[in-house]
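With the input below, show me the fold.
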Amino acid sequence: QVQLVESGGGLVQAGNSLRLSCTGSGMSIDTFPMAWFRQPPGKEREFVAGINEDGGQRGHSNDVKERFTISRDNNKNTMYLQMNNLQPNDTAVYYCAATSRRGIWTYAWAYDNWGQGTQVTVSS
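Numbering: from 1, shown residues only. As a prediction, this is how the structure comes out:
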């Protein structure tokens, strides 16, 4: 099982950018499709973006596809989420996840391994 640790969250003003990182340990991430989810205050966890094992396929939710970009560097055992033009409704705890299932899954139940989450707060 791979352990995942997120970093890069913080407090920013609307319109600014952040880059989240998710680093794996214990084993290589290069055999796992991975994803970012987020959980806004008082709401359920929601899919943000997913990426296949080699980074050749990606998917983003409609809410973020013009502003966020998922990527990965398997040599560094790390996945990223570049978030541009952040807005207050992007405020959430952001989680990275990995799955042993093939493909990009938008459902949280499909993922076997989760990080502890990193807080992103966007002020207006």
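
just the strands in the chain please.
Remark: strands assigned in the chain by DSSP state E are 3-7, 10-13, 18-25, 34-39, 46-51, 58-60, 68-73, 78-83, 92-98, 113-114, 118-123.

can I get the ones you listed in CSV with distance to Tyr107 and mean neighbour count?
Placement of C-beta: from N, CA and C, glycine included. Listed next are the strands of the chain as CSV, based on distance: least, Cβ to Cβ, whole Å; neighbours: other Cβ atoms under 10 Å:
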stretch, distance to Tyr107, mean neighbour count
strand 3-7, 18, 18
strand 10-13, 28, 13
strand 18-25, 18, 19
strand 34-39, 10, 24
strand 46-51, 7, 22
strand 58-60, 13, 17
strand 68-73, 17, 19
strand 78-83, 18, 22
strand 92-98, 11, 23
strand 113-114, 13, 18
strand 118-123, 21, 17
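
Identify the residues contacting the residue nearest to Ile70 when sequence neighbours are not counted.
If the residues on either side of it in the chain are set aside, Ile70 comes closest to Ala49, at 3.8 Å by Cβ to Cβ, 6 or more residues apart in numbering. By Cβ atoms under 8 Å, 6 or more residues apart in numbering, the residues touching Ala49 are 35-36, 58-61, 64, 68-70, 81.
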